[in-house]
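S.K.: everything below, folded, please.
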Amino acid sequence: MYVSSSSDGHELQRRLGPRLVSMIALGGAIGTGLFLATGYAVNTAGPGGAVAAYGIIAFMVYFLMTGLTEMATFMPVAGSFETYATKYVDPALGFAIGWNYWFSWAITLGVEVVAGGILMKYWFPNVPVLIWSALFLILLIGLNLLSVKAFGEAEFYFAGIKVVTVIIFLVVGVLMIFGILGGQSVGMSNYTSHGGPFPNGFLAIIQISFAVAFALQGTELLGIVAGESSDPDRTIPKANRSLIWRVIIFYIGAVFIVGALIPWTEAGVEISPFTLIFERSGIPFAGDIINFVIITSVLSVGNSGTYAASRVLYALCKERKGPQVFARVNKSGVPINALLMTGAIGCVAFLTGFYAESTVYMWLLALSGLAGLFTWLGIAYTHIRFRKLYLAEYGNLSKLKYIAPFYPIGSILAFIICAIVTIGTVIDPASRLSVYLGVPAFVLLWIGYKLKYRTKFITVASIKNSKGING
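M.R.: Got it, this is the predicted structure:
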């Protein structure tokens, strides 16, 4: 049994039930990327290219999440993929993945509160963005300070608003395609005209794959919440199944409708395609509705990111990969020092967004941009190693609570696709800086830790000589 206790005797509390676990995972996957990036994807790769890109990345995410679910039900700990990489591959890899992931989400917290402040100008143009951003930051830190239950409940309602909006959008979109709403049937004309479904060729699909992957990042939160789930053996597999189907329906369905209703030459990120389609349907107050939903999405992502970052930082320091002060848990089961440190970095990020937007802020974004892909690569490879080491100790799969289908092909395909997406970032000038800064940062973390502590690659022999695969 894995108990997440801190140096002062308090523990993380398993208070996340099935209802909250499912919605947290889904809320992490549905962010501003859905409401804005779909326009960019359709504009860059055409309607068919956008659908293909989302389909490929969703296919990859399916295999990643089944592998992660197998490990998370076997060892449900807050460190999740960082801990698994440490135990089944190399402690240096776990160190690099963990710190990279923590930094990414801490920076994302700052990015989201800045975005929320900017969106509030839609209704309050004379109130400084800085004030709204500060209020949002205080709100998110406050929710996470209360308890894991308070975080889960807040995320349930944040995510619920997004889910309802997407469902309404899908229904409205279908009705508009057939002319029941909007006054004119468009059918599939946008897929057959303006250069067809793939007007910019295959390379355009590769070009947008990074943005599509970024939009779907957050699904891996399921592994982290396993550490505080009340019944991980049951809730994590169930949440994973619902997450995969909802991601496929929501994302691929949404991008298909955007491609059908908005010519690819008119799509973009200046105006949310959701706003354009709601306005064309004749729904009143469309701009207000979508602005509210996107603000909710921003807060949801910031809330989930704050939670994930604090738990990963706690796990790193609990494993003595960072200052022990961040491994302390208060009586409410909150790793309070890790949470406050995450909030402090988020505060620096959002202040930098106002005072050094074109320099330091962009560097910070670039450094965090690839962290999600590095995490996904780590999950895929770690699962391959985990299954091999598991079979070497137990001989069969009877002790696994959940068995990932299509092993090892699924994890191998996920790794290959993720690697192609990572390499493909150099095609898009907007993401190229992340490669130049993000890759060296990750390598330095990995190699630096390895050289300092002389860590070794985990083998079958080393597992047998230790406490076993779950020791």
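S.K.: going forward, measure contacts and count neighbours with C-alpha atoms only.
M.R.: OK.
S.K.: report the contact partners of residue 15.
M.R.: When contacts are counted by Cα atoms under 8 Å, 6 or more residues apart in numbering, residue 15 touches 148-149, 228-230.
S.K.: could you check how far it is from residue 225?
M.R.: 10 Å (Cα to Cα, to the nearest Å).
S.K.: again, but for residue 269
M.R.: On the measure of Cα to Cα, residue 269 and residue 225 end up 32 Å apart.
S.K.: looking at the two, which one has more neighbours?
M.R.: residue 225 (30 against 14; other Cα atoms under 10 Å).
S.K.: so what's the more buried one up against?
M.R.: 16, 21, 78 are the contacts of residue 225 under Cα under 8 Å, 6+ apart.
S.K.: quick one: buried ones out of the residues you listed?
M.R.: Neighbour-count burial (16 or more other Cα atoms under 10 Å) applied to these gives 16, 21, 78.
S.K.: possible to save the residues you listed as CSV with secondary structure and distance to residue 42?
M.R.: Converted to CSV, the buried ones among the contacts of residue 225 look like this (DSSP: H, G, I helix; E, B strand; the rest coil; distance: Cα to Cα, whole Å):
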residue, secondary structure, distance to residue 42
16, strand, 37
21, helix, 32
78, coil, 37
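S.K.: output the residues you listed in a markdown table, with pLDDT appended to each entry.
M.R.: Listed next are the buried ones among the contacts of residue 225 as a markdown table, based on pLDDT from 0 to 100:
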| residue | pLDDT |
| --- | --- |
| 16 | 79 |
| 21 | 82 |
| 78 | 85 |
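S.K.: and those residues, which is closest to residue 30?
M.R.: residue 21 (14.5 Å; Cα to Cα).
S.K.: thought that closest one was touching residue 239?
M.R.: Yes. Counting by Cα atoms under 8 Å, residue 239 is a contact partner of residue 21 at 6.6 Å.
S.K.: who touches both of the two?
M.R.: If you check residue 21 and residue 239 against Cα under 8 Å, 6+ apart, the residues they both contact are residue 222.
S.K.: ok so, going back, between the buried ones among the contacts of residue 225, which is nearest residue 316?
M.R.: The closest of the buried ones among the contacts of residue 225, once distances to residue 316 are taken by Cα to Cα, is residue 78, at 9.8 Å.
S.K.: and residue 244, what does it touch?
M.R.: 58, 61-62 are the contacts of residue 244 under Cα under 8 Å, 6+ apart.
S.K.: repeat that for 7 Å
M.R.: residue 62 (Cα atoms under 7 Å, 6 or more residues apart in numbering).
S.K.: do residue 385 as well
M.R.: Residue 385 touches 88-89, counting by Cα under 7 Å, 6+ apart.
S.K.: Three-state assignment for it, please.
M.R.: helix (DSSP: H, G, I helix; E, B strand; the rest coil).
S.K.: now do it, the pLDDT please.
M.R.: Predicted confidence (pLDDT) at residue 385: the value is 95.
S.K.: mind checking how far it is from residue 445?
M.R.: 21 Å.
S.K.: cool, and residue 381?
M.R.: 18 Å.
S.K.: check residue 72 too.
M.R.: 25 Å.
S.K.: again with residue 272
M.R.: 38 Å.
S.K.: okay but residue 426 is in contact with residue 436, surely?
M.R.: No. Using Cα atoms under 7 Å, residue 426 is not in contact with residue 436, being 9.1 Å away.
S.K.: tell me which of these two has more neighbours.
M.R.: More crowded of residue 426 and residue 436, by other Cα under 10 Å: residue 426, with 17 against 13.
S.K.: quick check, pLDDT for the more buried one.
M.R.: For residue 426, the predicted pLDDT is 79.
S.K.: could you shift the numbering so residue one becomes 43, and keep it that way?
M.R.: Let's use 43 as the start, then, which means that last one is residue 468.
S.K.: can you confirm it is in a helix?
M.R.: No. Read with three-state DSSP, residue 468 is coil and lies in no helix.
S.K.: list phi and psi for it.
M.R.: Torsion angles at residue 468 (phi, psi; degrees, to the nearest 10) stand at phi -70, psi -20.
S.K.: and the helices in the stretch 143-292 of the chain?
M.R.: 171-188, 190-219, 231-234, 243-258, 263-267, 274-289 (DSSP state H, counting those that start in this stretch).
S.K.: pull out the buried residues from stretch 204-218.
M.R.: Per 16+ other Cα under 10 Å, stretch 204-218 contains these buried residues: 204-205, 207-208, 211-212, 214-216, 218.
S.K.: do the same with stretch 292-307
M.R.: 292-306.
S.K.: for stretch 233-253, give the mean pLDDT please.
M.R.: 88.
S.K.: now the end-to-end length of that stretch.
M.R.: Stretch 233-253 end-to-end distance (Cα to Cα) = 22 Å.
S.K.: list the contacts of it.
M.R.: 83, 86-92, 95, 302, 463, 466-467, 469-470.
S.K.: put the buried members of those into a PyMOL selection.
M.R.: In PyMOL, this line selects whichever of those come out buried by 16+ other Cα under 10 Å:
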select buried, resi 83+86+87+88+89+90+91+92+95+302+463+466+467+470
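S.K.: low-confidence stretches in this structure?
M.R.: 43-52, 70, 225, 399-400, 403-404, 407-408, 472, 506, 509, 513 (pLDDT under 70).
S.K.: mind checking the longest helix of it?
M.R.: For the chain, the longest helix by residue count, based on DSSP state H, is helix 80-116.
S.K.: most tightly packed of the helices of the stretch 143-292 of the chain?
M.R.: helix 263-267 (a mean of 26; mean count of other Cα atoms under 10 Å).
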